[in-house]
Structures are given as C-alpha cells and as structure tokens.
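Student: I need the structure of the sequence given here:
(chains A, B and C)
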Amino acid sequence: MEGRVYPSRLLLLDWYDHYARELPWRENPEPWPVLLSEFILQQTKMEVGLGYWKKMYKRFPTLHEMSISTLEEVMLLWQGCGYYARARNLHKLSVIISSRDPPIIPSDPKELEKLPGIGPYTSAAIASISFEVPIAAVDGNVKRIFSRLNAIEHPNSTDVQEWANISLDENRPGDWNQALMELGAIVCTPRAPKCNSCPVSENCKARFTDDPAKYPASKRRSSTKVNGHALVISSPEGIVLSQRKGSQLGGLWGVPITEDPNGLEALCIDHKIHSPEKVGEIHHAFSHRDFHLQVWKVDVLKGGIRSDSVPISRLDQRILDAAGCGES
DNA sequence: GTCCAGCACC
DNA sequence: GGTGCTGGAC
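Tutor: Here you go, the predicted structure:
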C-alpha cells in the first residue's frame, strides 16, 4: 500500500475522544450490550437504532435473559427495525451461547464468526471493542473514508481491508475502529461530507476535487415495480392477519396481499368477503421491489386478531394506518 | 416524490 | 452476485 493516504492516529483518536457520541454501551463495553448494538446497527442508523437498543437491553439485560425468551418476543421488540433475519439470528445466537459451558461470548474473532448473524465485520467489531483484540473492522464507513482519502472511486475490498489493517492502532483497536466509523457517520457522510470539521482532511485527496461526495461511486440497483392490492378485514375482535412465509418478511404477520394488479377479486374470494371499500394507496420500496398497493377495507362480524399482539412490518403498519386500524 | 446506504447469507 | 427493509437526505 505504497503511496496510500492513511488517517493520522493522533489526530483521529484525539477527535474521537473529544467528539464521539456518548452511547450507553461505550461507557463500559461489555460483550453482550456491544453485541446487541452491533446487530442492531448492522443496517440501521444510530438515531433509529439507539431506541431499539434501549428497549431490547432493558428487556434483555443479559444474553441469558434472551435465551430463555421466545423468538416471538424478540421479534415483537424488533418490529419496525427491518431486516428481521437479524432478530432471528440474535435469538438463535443467545440460545447457542447459553447452552455452552461456560456460557460466554467468545473473544476470538474466528469463533465469533461461526455464530449466526456474525460475519467478518461484526466479529472484528465485537472482538476489538469488547476484548481489545487488535483487528480491523471494515464497514461501509471505513470503505468510504479510504475511498475519499485516496480519491479512489471503485476501491476493491482487498485493498480496503489491507489499508484498514495497516492503519489500525493496536494500542486502542476498539477505539480506533469506532473512531473511523464515527468519523464516517458524522463527518465523512455519504452525501454532504463536512470536510471543514474533519480532523484528517489535511491530506485527503477527495477534499480537493470538485465533489468529494462522489467517492466512492455509488452502485445502482434496479428495482421492479409491483402493482397489487392489500386487504384489511376488520372485525370487533381484530384484523385478519397471517404469518408470512418465505424470506420476505418471513415470520412477521401481515394482511392479505396480492401482487397481481387484477388479483383483488381472487383475494376477496380466498378470504370469503365481498365489496371491500378502497381506503388508500401505499408506496413501499424494498431492496429491489417497488410496491404500489391499493388498500381495501371491509368490516366483518367476527374473526381476526389484535395487531399489537404479533410482530408486523412497517409495510403492514402503514397499510393498517391507511385503513384507520393502526393505533397499535 | 426519489435516491440511497448498509452487512450477512444464499 | 442477488436479496432483505427502513428512514432520512435530497
């Protein structure tokens, strides 16, 4: 990595000591609260994730507490946070660890990586933050910072990993990893980097280009449009919900949906109702699918369940809101 | 309204 | 290499 630009350890750690956000698991980085935070923050920004961390940690102050809880309860606390495989893996992990003797979270990155939901990034993050293991944790922030410091639009992951390994401060590996990520989260942000308040902008190559934000080049994902219908069947007892199967929103509960624009009639026949009233439209984008759903509602005399008794996704929450049934 | 970021797993 | 979900930035 001859000729590459590295962030100054002195400057970045000093900045981190001064400006890092105060987070509950940072005061005393015990393995369980740190692991919990890493699972939540895998695909969720801090402002949102912190709320989830607080209620999860309150309910599950130890890994053991989660292991003796049900997946259903974990899902209920996780609802709305997205990427529900994380919750399933977290619960599974807690059961695996508590069955061990001794029932403790391993400090060895290789051992951590064998656990469900823990990949190279999360393994390195937990090992360095909780156990001071000198290993570089490479996430999207680190990749972006590397890309900008060196003005490389398409960094390959091998180079980023090597750069992170070399730059790692082995005396404070946990703080170093967090300092890089913190910088990426609050200064070297994806859209509008705040170069003027960046502690390591002195020798940043992107800073002196027309548009620092163009590093790294973003990749687009194509998405397919899906036009369909959602059916809210409401009775005094509750809403008709069923547990979704398959990978998409699997395990969560939701209202009947068809992805066929002409499928409303079949949906009604399936559920033995007729003459639903159109109450709204929902636009909801998943990673590669753009849902446009007409929301229909019909009142029946009995059946259904209370929507606050089972975990549901944002999509279904918004469908229920559109139908005026969303006060859960 | 539209774009975009994000890590593990298949 | 494609897929999972959401909220916030624009």
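Student: What are the buried residues along the one helix or strand A:D14 maps to?
Tutor: Per DSSP states H and E: A:D14 is located in helix A:9-19. By 16 or more other Cβ atoms under 10 Å, the buried positions in helix A:9-19 come out as A:R9, A:L12, A:L13, A:W15, A:Y16. Every residue, glycine included, has its C-beta placed from N, CA and C.
Student: for stretch A:51-61, same thing?
Tutor: In stretch A:51-61, counting by 16+ other Cβ under 10 Å, buried: A:Y52, A:W53, A:M56, A:Y57, A:F60.
Student: Between these, which sits nearest A:L241?
Tutor: A:Y52 (22.3 Å; Cβ to Cβ).
Student: Enumerate every residue touching A:S197.
Tutor: A:V187 (Cβ atoms under 8 Å, 6 or more residues apart in numbering).
Student: A:G326 too?
Tutor: A:S307, A:Q317, A:R318, A:L320 are the contacts of A:G326 under Cβ under 8 Å, 6+ apart.
Student: Quickly note the distance from it to DNA strand B.
Tutor: 18 Å (Cβ to the nearest atom of the strand, to the nearest Å).
Student: A:K54 touches A:L23, doesn't it?
Tutor: No: counting by Cβ atoms under 8 Å, A:L23 is not a contact partner of A:K54; they are 10.4 Å apart.
Student: spatially speaking, which residue is in the middle of chain A?
Tutor: By Cα atoms, centre = their mean, chain A has its centre lying nearest to A:Q43, at 2.4 Å.
Student: Identify the residues contacting that one.
Tutor: A:Q43 neighbours (Cβ under 8 Å, 6+ apart): A:G82, A:Y83, A:R86.
Student: same for the helix holding A:D14, what does it pack against?
Tutor: Secondary-structure packing of helix A:9-19 (3 or more Cβ pairs under 8 Å, 6 or more residues apart in numbering; DSSP states H and E): helix A:173-186.
Student: by how many degrees do the helix it packs on and helix A:9-19 diverge?
Tutor: Here helix A:173-186 runs at an angle of 70 degrees relative to helix A:9-19 (axes from the mean of the first three to the mean of the last three Cα atoms, to 10 degrees).
Student: Check whether stretch A:292-300 comes near DNA strand C.
Tutor: No: figure legend: stretch A:292-300 not in contact with DNA strand C (Cβ under 7 Å from any atom of the strand); closest approach 12.4 Å.
Student: Where does the prediction get shaky in chain A?
Tutor: For chain A, applying pLDDT under 70 flags the ranges A:327-328.
Student: Nearest residue to A:L320 in space, ignoring adjacent ones along the chain?
Tutor: A:G326 (3.9 Å; Cβ to Cβ, 6 or more residues apart in numbering).
Student: Repeat that for A:I319.
Tutor: Nearest one to A:I319, counting by Cβ to Cβ, 6+ apart, is A:A230 at 4.7 Å.
Student: and that neighbour, how far is that from A:Q317?
Tutor: Separation of A:A230 from A:Q317 (Cβ to Cβ, to the nearest Å) stands at 12 Å.
Student: likewise A:E22?
Tutor: Counting by Cβ to Cβ, the gap from A:E22 to A:Q317 is 31 Å.
Student: Of the two, which one has the most company?
Tutor: Counted by other Cβ atoms under 10 Å, A:E22 and A:Q317 do not tie: A:Q317 has more neighbours, with 16 against 6.
Student: Please state the offset of whichever strand or helix holds the more buried one from the chain centre?
Tutor: Element membership for A:Q317, per DSSP H and E: helix A:314-322. Computed by Cα atoms, centre = their mean, to the nearest Å, the chain-centroid distance of helix A:314-322 equals 20 Å.
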